[in-house]
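could you look at this predicted model? Sequence included:
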Amino acid sequence: MHETEPLDTIIELKSCSIMQQDHLVLSDVNLKVEKGEFLYLVGRVGSGKTSLFRTLNGQLPLSDGEGWVAGFNLRRLKKRDIPLLRRKLGIVFQDFQLLTDRSVHDNLEFVLKATGWTNKEATEARIREVLEKVGLQTKGFKMPHQLSGGEQQRIVIARALLNDPDIILADEPTGNLDPETSEDIHLLLRSISDNGRAVIMSTHKHSLIKKYPARTLHCENGKIEDRGMSDEEIELLQ
C-alpha cells in the first residue's frame, strides 16, 4: 500500500489547490469522504466540478496541499501508479462513452482485458455479475444503439463496477435522461453507496436533491463549501 489515510476515510484533501494547467480553479480545498458515503457535487458550468474529478483520478496533478485517494498519495503519484489508482475508481460519464462498434458484452470485456484480466471464465463471470447488479443481465448481446438512454447509462455503471472500485465518480450521470429514468439511475447509485462504496455525483437535477437529500458540496467562487442547500438554491439548479 501507498501512504494511506485513516481506515474508513477513502478520500481526503487538505488545503489543496486544484489547477487546470496554470489556471487556479479551486483553492484551499478541504474534503473528507468516508467509505459508503453518497455526496452531491453542485455548481455552475466552469465552477471546478470536472477539475476536481480529474484531480481525484490522477488526470490533473496535485501540486499544492495534501491529498489521498483510495490509499494513494496524490502529491507523490507517479505515472506508473495512475492505472493502479484508476482501478480503485469507477467513472460514470454523462455521454456514456460506450464503444458503438461492439456489443454490451464486448464493451465490458474490452475494459477487463485492458485492466489485466486474462482468465476467460473469470472474465465471463464478472461480466454476468455486473450486468445483474444493474438489472440488465439479458442485454449483453445488444449493441449500444439498441438500448434506451437509461439502459446505456446502466451499462456505463456496470462498466464502472468491473474492477470492484472503492469510489464511484459520477459526472452528471442523469444529465441526458428524462426525470423518471434519472430517478432510477440515482437510486441505483444510492444502492451502490449502501453496499460500501463512496459515490460522488455531480448534478444539476434539483428534483433529485430535493427528493433525496444528502451531503452536498458546492463549487462556487473558486472554493468548495460543504453544506446543505436552501430551497432557493435548489430552484436555481433548474
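That came in fine, so what should we check first?

buried sites along stretch 102-121?
By neighbour count with 16 or more other CB atoms under 10 Å, stretch 102-121 contains the buried residues 103, 104, 105, 107, 108, 109, 111, 112, 117. Where you see a C-beta, it was placed from the backbone N, CA and C, and this is true even at glycine.

contacts for that stretch, please.
83, 87, 98-99, 123, 126-127, 130-131, 136, 139-144, 147, 155, 158-159, 162-163 (CB atoms under 8 Å, 6 or more residues apart in numbering).

swap in 10 Å and give it another go.
With contacts defined as CB atoms under 10 Å, 6 or more residues apart in numbering, stretch 102-121 is touched by 83-84, 86-87, 97-101, 122-128, 130-131, 136, 139-144, 146-147, 151-152, 154-156, 158-163.

drop anything exposed from those.
84, 86, 98, 123, 126-127, 130-131, 136, 139-140, 142, 144, 147, 151-152, 154-156, 158-163.

any low-confidence regions in this protein?
For the chain, residues meeting the criterion pLDDT under 70 lie at 1-7, 228-238.

quick one: the helices in it?
Applying DSSP state H to the chain gives helices spanning 49-56, 82-87, 104-114, 120-133, 149-161, 179-194, 206-211, 231-236.

how far off centre is stretch 44-52?
14 Å (CA atoms, centre = their mean, to the nearest Å).

contact partners for the spatially most central residue of the chain?
The C-alpha lying nearest the average C-alpha coordinate of the chain belongs to residue 169 (CA atoms, centre = their mean; 1.1 Å). Listed by CB under 10 Å, 6+ apart, the contact partners of residue 169 are 11, 41, 50, 52-54, 56-57, 89-93, 160, 198-202.

and for the closest residue to it other than its chain neighbours, the neighbour number?
Distances taken as CB to CB, 6 or more residues apart in numbering place residue 53 nearest to residue 169, at 5.0 Å, with adjacent residues excluded. Other residues lying near residue 53 total 19 when counted by other CB atoms under 10 Å.
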